[in-house]
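Undergrad: I would like to see how this sequence folds:
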Amino acid sequence: MIVQMKKYATEKEIKKLVDFLTERGFSVKDISSEEIKMFGVVGDTMNLNVSHIEAFEGVYKVHKIQKTYRLASRDYKKEDTIIKVKEGLTIGGGSFQIIAGPCAVEDKETMIEIAENLRDNNVKMIRGGVFKPRTSPYSFQGLGIAGLKMLKEVADKYNLVVVTEVISPEQVDLIKDYVDIYQVGTRNMQNYPLLKVLGAQKKPVIIKRGMSATIEEWLLSAEYVLEGGNPNVILCERGIRTFERYTRNTLDITAVLAVKELSHLPVMVDPSHASGKYEMIEKLSLASLVVGADGIMVEIHPHPEKAYSDGAQSLKLHKFNSLVKEVNRLKKVL
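TA: Just a heads-up that it's a prediction; the model follows:
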């Protein structure tokens, strides 16, 4: 931490601040120049409140150097985290995985048709929402536990991994026997009670970026899960809210590169929610692969025009087949 004093700070004001810091075990190094009075604060400053320091008389500005997302940082762990989902299936470290399925679980026949398609494409993870946090209270809210049991039954039949969204702390224990990967949606990225409960689990957790969240805020959400003891965190960029309305959101493809630089955690991309348009999904998926994402999460449906939700951003199965072929072709040349 660097503390910059005001130009005319008094010796008394400086001593009061230095005494405060040294009493708490920090070393204070004078790094002043002729023009600027500055101090370096050496030690674990993670829990030092910047606004508290700036409240001292004579302090002009405080600059934190130590990253607030300590456990998620590359400074903490240099090598990429590779998450073992099950035997022979990992996320991170150079693999590019695909998670696919409908926005919401609707009926068994649809789920079987989708599962068969995933099996035929050698895609190992099926997604499907059963608890749907919707903007409108009149929108389809999901089938709940009945839908989750249906999803689990179909996944087991076709040897697929279940990915589904959890929206409250109470649901974590309720659904643990049916889910392989917990998904935290954009609206719950900063649901800290939920993140704390997920930190006590061992199963992988996908954290989607909040629609207006900075990269630092996103990584701090991951920090809650990591700090709780669960190292199996996957980040998912799903587009952020901007002034542009042509697409559903704006895919921040630079976030993949930023997270790879700042953090050791795997990062995936959700081109479906990013664009809201099925015709954009294939190209955005390929772009995600090129910039180094660890996978994609896409919405697919046999009959998108009949889907209970998000039909416009769901790929028909034959278009999904094409996407998988293009991804596999591109992987061979990268």
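
Undergrad: C-alpha coordinates for stretch 305-323, PDB please?
TA: What follows is stretch 305-323, C-alpha atoms only, in PDB (Å, rounded to 0.1, in the frame of the first residue of the first chain):
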ATOM      1  CA  GLU A 305     -39.900 -21.400 -31.600                       C
ATOM      2  CA  LYS A 306     -41.700 -23.500 -29.000                       C
ATOM      3  CA  ALA A 307     -39.200 -23.000 -26.100                       C
ATOM      4  CA  TYR A 308     -40.600 -21.700 -22.800                       C
ATOM      5  CA  SER A 309     -37.800 -19.200 -22.600                       C
ATOM      6  CA  ASP A 310     -34.900 -17.800 -24.700                       C
ATOM      7  CA  GLY A 311     -35.900 -19.400 -28.000                       C
ATOM      8  CA  ALA A 312     -34.400 -16.600 -30.000                       C
ATOM      9  CA  GLN A 313     -30.900 -17.400 -28.600                       C
ATOM     10  CA  SER A 314     -31.200 -21.200 -28.800                       C
ATOM     11  CA  LEU A 315     -29.500 -23.100 -31.600                       C
ATOM     12  CA  LYS A 316     -31.500 -25.800 -33.400                       C
ATOM     13  CA  LEU A 317     -29.800 -29.200 -33.100                       C
ATOM     14  CA  HIS A 318     -28.500 -29.300 -36.600                       C
ATOM     15  CA  LYS A 319     -26.900 -25.800 -36.100                       C
ATOM     16  CA  PHE A 320     -25.300 -27.100 -32.900                       C
ATOM     17  CA  ASN A 321     -23.900 -30.000 -34.900                       C
ATOM     18  CA  SER A 322     -22.300 -27.500 -37.200                       C
ATOM     19  CA  LEU A 323     -20.900 -25.500 -34.300                       C
END
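
Undergrad: run the chain-centre distance for it.
TA: 23 Å (C-alpha atoms, centre = their mean, to the nearest Å).

Undergrad: how about it: buried residues?
TA: 307-315, 317, 320, 323 (16 or more other C-beta atoms under 10 Å). Any C-beta I mention is one placed from the backbone N, CA and C, and that applies to glycine too.

Undergrad: same thing with stretch 54-70?
TA: 56, 58-59, 62, 67, 69.

Undergrad: now do that stretch: distance from first to last residue.
TA: Its start and end residues considered, stretch 54-70 measures 22 Å (C-alpha to C-alpha, to the nearest Å).

Undergrad: what's the answer for stretch 244-254, then?
TA: 17 Å.

Undergrad: for stretch 64-73, same thing?
TA: 15 Å.

Undergrad: next one: stretch 150-170
TA: First residue to last in stretch 150-170 (C-alpha to C-alpha) measures 21 Å.

Undergrad: can you list the domain ranges for the chain.
TA: Domains of the chain are assigned by automatic domain parsing as 2-63, 83-331.

Undergrad: please identify the deepest-packed of these.
TA: domain 83-331 (a mean of 19; mean count of other C-beta atoms under 10 Å).

Undergrad: generate CSV for the buried residues of stretch 54-70, with secondary structure, pLDDT and distance to Asp270 as supplementary columns.
TA: Formatted as CSV, these follow (DSSP: H, G, I helix; E, B strand; the rest coil; pLDDT from 0 to 100; distance: C-beta to C-beta, whole Å):
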residue, secondary structure, pLDDT, distance to Asp270
Phe56, coil, 94, 45
Gly58, coil, 93, 48
Val59, strand, 94, 43
Val62, strand, 91, 36
Lys67, coil, 80, 25
Tyr69, coil, 91, 21
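
Undergrad: biggest separation within those residues, which pair?
TA: Based on C-beta to C-beta, the longest span within the buried residues of stretch 54-70 runs between Gly58 and Tyr69 and measures 30.3 Å.

Undergrad: now the helices: where do they sit in the stretch 51-200 of the chain?
TA: 108-120, 145-157, 169-175, 192-199 (DSSP state H, counting those that start in this stretch).

Undergrad: okay, the first one in CSV with CA atoms only?
TA: In this case it means helix 108-120. The C-alpha trace of helix 108-120 is given here as CSV (Å, rounded to 0.1, in the frame of the first residue of the first chain):
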residue,chain,number,x,y,z
LYS,A,108,-38.6,-35.4,-20.7
GLU,A,109,-39.0,-35.9,-24.4
THR,A,110,-37.2,-32.7,-25.2
MET,A,111,-34.4,-33.5,-22.7
ILE,A,112,-33.9,-36.9,-24.2
GLU,A,113,-33.6,-35.5,-27.7
ILE,A,114,-31.1,-33.0,-26.6
ALA,A,115,-29.1,-35.6,-24.6
GLU,A,116,-28.9,-37.9,-27.6
ASN,A,117,-27.6,-35.1,-29.6
LEU,A,118,-24.9,-34.2,-27.0
ARG,A,119,-23.8,-37.9,-26.9
ASP,A,120,-23.5,-38.0,-30.7
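
Undergrad: please name every helix or strand in contact with it.
TA: Identification of packing neighbours for helix 108-120 by 3 or more C-beta pairs under 8 Å, 6 or more residues apart in numbering; DSSP states H and E yields strand 97-101, strand 125-127, helix 145-157, helix 317-331.

Undergrad: need the ones you listed in JSON lines (columns: distance to His52 and mean pLDDT).
TA: Converted to JSON lines, the helices and strands packed on helix 108-120 look like this (distance: least, C-beta to C-beta, whole Å; pLDDT from 0 to 100):
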{"stretch": "strand 97-101", "distance to His52": "43", "mean pLDDT": "98"}
{"stretch": "strand 125-127", "distance to His52": "43", "mean pLDDT": "98"}
{"stretch": "helix 145-157", "distance to His52": "45", "mean pLDDT": "96"}
{"stretch": "helix 317-331", "distance to His52": "49", "mean pLDDT": "98"}
